[in-house]
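Undergrad: Task: produce atomic coordinates for the following.
(2 chains)
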Amino acid sequence: MRFELQMALRFLKEGRMQTALILAGISTGVGVIIFLSALIGGLQESIIDRTLGTQAHVTLRPPEEEARPQLDRSGETILEHIQRPAQRLRSILGWPQLLADLRRRPEVTAASPTVAGSAFALRGTANRSVALRGVDPDSYSGILDLRTKLTDGTLDVTGTHIIVGVELAKELGLSVGDTLRLTAPEERSEVFTISGIFDVGNKDLNLRWVYISLREGQTLMNLSGGVSTVEVKVRDIFSAEKEAQEIHAATGLKADSWMILNSELLIGLRGQSSSSVMIQFFVIVAVMLGIASVLVVSVIQRGRQIGILRAFGTRRGQVLRIFLLQGGILGLVGSLGGIVLGTVLALFFQNLVSNQDGTPIFPVALTAALYARSLLVALITGLVGAWLPARRAANLDPAVAIRYE
Amino acid sequence: MNECSAVIQLHQVRKSYPGAVSSEVLHGIDIRIDQGEFVALVGPSGSGKSTLLNILGLLDRPSSGSVEILGRECTEMDDAGLTTLRGHSLGFVFQFHHLLPSFSAEENVFLPMLADAGHFKPEMRTRARDLLARIGLDGFETGPASQLSGGQQQRVAIARALVMNPALVLADEPTGNLDRASGQQVFEFMRRFNRELGTAFLLVTHDPALAARCDRILTLEDGSLVTQE
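TA: Have a look, this model is predicted:
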């Protein structure tokens, strides 16, 4: 074992009571950090999952149609008041190439073409307004895995097979194998067979969404060979807006990220994160001051021992490292205690109350990254807290320390 | 006595401390201690013995003059150089043993070797045990140093001072805190090591009987060396 490490461990062992107390303090601090981070992280994951579970991170649409001012031959504007034109359902030009380009982007995990539009679902004398979503099931599984959402039937959206939400099925009395007429604008109409019924966890979407094949969607929406949107999922959800801006700049398409479409949610999430970071910061400062104060006392108490060590040839750097190591050891060991404490606390809290479906009201996110980050933060806190006492110890005048301490 | 056998040489060493009033505590000290010598340093309290010992031990720097250890001029050395030279060439025994209480006797002894090498080697333990056996402490190697008697702890401190095989051991009243019998025993051990190993000793003492048994007595009064018997 290295000399410095041996000395650091012995010094910590000698000051047993001080060491135990500061370890308890560090463990409590790290435990609070773990607990808070796990709780806030879990809540955020749950909120994001519930909100974004059915959404693309970035949705691409054709650029909006704009009316141009009428000019005379000399270039002068004749009509100054320009009415905004109604936006028609249009196709994204060159969408197969766009898909290929998107899939090459490192941040993009999935890209899927869709045809989205409104229609009426007719069964007998009953009808409901629905949102048609013509999809390619294979690529769409990267956006929303419908297989996991099925409550009945199979995921078959080929030909004239469609899947509908549980609420629409309930409203129209539909079961798997039943037929349903879908009528789109301009009286384009087709009869489809229900192959599956889904529940995406949102009552409104379960009532309105109808998944059909991409080809049938194109036919009903009069977009032969075209797609109205391309939906994209990205690796880091918080990079969605940056990715949307880059895609917009590269393609000229209208690119909306979930961050813009759900800006209130984003503000809420950021507020939560900021308050969590603030609390963690003050806990870290308190832990750092605790380590520093214990080591300052240790330096004062061991002045003579340090003087003796220096007298028989221990270098300043070695003395510095002995005290830095004490800080590092306190930080590491304290953080291990904190991880146990924080984990127990978080799991206890998670299991305290549950929703009706059995899921916890306070889900917690205990990840390896959180543990690693806490260990690293505690280690750095220990080293920073030990820096001043260590310098003080290293700079002790051995002659003075031996004689007068 | 030729030049190369000098372990330490002080030439016109002066030491003063800054302040409103000039406070020179050492006034032009010349000392030479040769290999294998056993020298006593005596003088009343406040005569400058501690300051002189700190300068001899490279724990303090003179205001002027020069200090040579084994022929190497030390006054211009940086702290790292002084620390290395001190660790390799000098040993210290203090009035209070200053052992590390949670370390065993043998660990206290080989600590200077450990600090020098940076990590433990089995031969360090062998060396420590050998010294402890020679100083009459075999059987006490692994017990905590704090459980030894005052005389035994001071003997461990002597072993620690000798573990690096230094050219000179500076002993600052090593018997001052011991009863007569233990003090006598500690002195005898130092004398024996001086003869067997050829290590030079400079012994600061208030005991005229012990000083009389040394090869030479240096008497310091008011910061000046008045006699070198």
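Undergrad: Give me every residue in chain B lying close to chain A.
TA: Selection of chain B residues close to chain A by Cβ under 8 Å from any Cβ of the partner chain yields B:50, B:54, B:57, B:59-60, B:79-80, B:83-84, B:86-88, B:91-92, B:94, B:98, B:100-103, B:111-112, B:114-120, B:160-161, B:164. In short, each C-beta sits where N, CA and C put it, glycine included.
Undergrad: what about the strands in chain B?
TA: B:6-17, B:23-34, B:38-42, B:64-69, B:72-73, B:90-93, B:168-172, B:200-204, B:216-221, B:224-228 (DSSP state E).
Undergrad: what sits against A:Thr314?
TA: B:83, B:87, B:115 (Cβ atoms under 8 Å, 6 or more residues apart in numbering or on different chains).
Undergrad: any idea whether it is helix, strand or coil?
TA: coil (DSSP: H, G, I helix; E, B strand; the rest coil).
Undergrad: Quick one, grab the pLDDT at it.
TA: A:Thr314 is assigned 92 on the pLDDT scale.
Undergrad: got the contacts of A:Thr314 as CSV, with pLDDT, neighbour count and distance to A:Val232 columns?
TA: Converted to CSV, the contacts of A:Thr314 look like this (pLDDT from 0 to 100; neighbours: other Cβ atoms under 10 Å in any protein chain shown; distance: Cβ to Cβ, whole Å):
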residue, pLDDT, neighbour count, distance to A:Val232
B:Thr83, 92, 23, 64
B:Gly87, 92, 22, 67
B:Ala115, 91, 22, 62
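Undergrad: quick one on the thing from earlier: nearest approach to A:Leu320 belongs to which of the strands of chain B?
TA: strand B:90-93 (21.8 Å; Cβ to Cβ).
Undergrad: can you list the residues that contact that closest one?
TA: With Cβ under 8 Å, 6+ apart, strand B:90-93 has contacts from A:308, A:311-312, B:57-58, B:69, B:154, B:157-158, B:160-164, B:166-172, B:174, B:190, B:199.
Undergrad: switch the cut-off to 6 Å
TA: A:311, B:57, B:157-158, B:161-162, B:166, B:168-171, B:174 (Cβ atoms under 6 Å, 6 or more residues apart in numbering or on different chains).
Undergrad: go on, stretch B:58-69?
TA: A:398-399, B:8-16, B:54-55, B:73-75, B:82, B:86, B:89.
Undergrad: roughly how far apart are A:Thr229 and chain B?
TA: Per Cβ to the nearest Cβ, to the nearest Å, A:Thr229 is found 66 Å from chain B.
Undergrad: for chain B, what are the nearby residues on the stretch 251-400 of chain A?
TA: A:308, A:311-315, A:398-399 (Cβ under 6 Å from any Cβ of the partner chain).
Undergrad: TSV for the residues you listed, including distance to A:Gly159?
TA: Below are those laid out as TSV (distance: Cβ to Cβ, whole Å):
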residue	distance to A:Gly159
A:Ile308	90
A:Ala311	92
A:Phe312	90
A:Gly313	88
A:Thr314	84
A:Arg315	82
A:Pro398	90
A:Ala399	95
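Undergrad: Which helix or which strand is home to the closest residue to A:Gly342 other than its chain neighbours?
TA: Nearest residue to A:Gly342, sequence neighbours excluded (Cβ to Cβ, 6 or more residues apart in numbering or on different chains): A:Ile34, at 2.5 Å. Assessed by DSSP states H and E, A:Ile34 sits inside helix A:16-52.
Undergrad: Let me know the average pLDDT across that helix.
TA: Here helix A:16-52 scores 88 as its mean pLDDT.
Undergrad: Backbone torsions only: list them for the spatially closest residue to B:Val67 that is not a sequence neighbour.
TA: Take B:Val67 and drop its neighbours on the chain: the residue closest to it by Cβ to Cβ, 6+ apart is B:Cys74, 4.6 Å away. Dihedral pair for B:Cys74: phi -110, psi -10, per degrees, to the nearest 10.
Undergrad: which residues touch the residue of chain A found nearest chain B?
TA: Ranking the residues of chain A by distance to chain B (Cβ to the nearest Cβ) places A:Gly313 first, at 1.9 Å. Shown in contact with A:Gly313 (Cβ under 6 Å, 6+ apart): B:83, B:86-87, B:112, B:115-116.
Undergrad: Among these, which lie within helices?
TA: B:83, B:86-87, B:112, B:115-116 (DSSP state H).
Undergrad: By mean pLDDT, flag the weakest helix or strand of chain B.
TA: strand B:224-228 (a mean of 79; mean pLDDT, DSSP states H and E).
Undergrad: Pull up the residues of the stretch 1-150 of chain A that are close to chain B.
TA: Near chain B, when you scan the stretch 1-150 of chain A using Cβ under 6 Å from any Cβ, you find A:2-3, A:10, A:13-14.
Undergrad: and which of the residues you listed is nearest to A:Arg84?
TA: So of these, ranked by how close each gets to A:Arg84 (Cβ to Cβ), first place is A:Arg2, at 74.4 Å.
Undergrad: What's the local residue count around the closest one?
TA: 15 (other Cβ atoms under 10 Å in any protein chain shown).
Undergrad: Report the distance from stretch B:19-38 to the chain centre.
TA: Distance of stretch B:19-38 from the chain centroid (Cα atoms, centre = their mean, to the nearest Å) equals 15 Å.
Undergrad: Could you do stretch B:23-40 as well?
TA: The answer for stretch B:23-40 is 13 Å, by Cα atoms, centre = their mean.
Undergrad: which parts of that stretch are buried?
TA: By neighbour count with 16 or more other Cβ atoms under 10 Å in any protein chain shown, stretch B:23-40 contains the buried residues B:25-26, B:29, B:31-34, B:36-40.
Undergrad: Max pairwise distance over these: which two?
TA: Farthest pair in the buried residues of stretch B:23-40, by Cβ to Cβ: B:Val25 and B:Gly36, 29.7 Å.
Undergrad: Could you pull out the strands in chain A for me?
TA: A:58-61, A:108-123, A:126-135, A:150-153, A:161-165, A:179-183, A:189-198, A:209-213, A:229-234, A:254-257.
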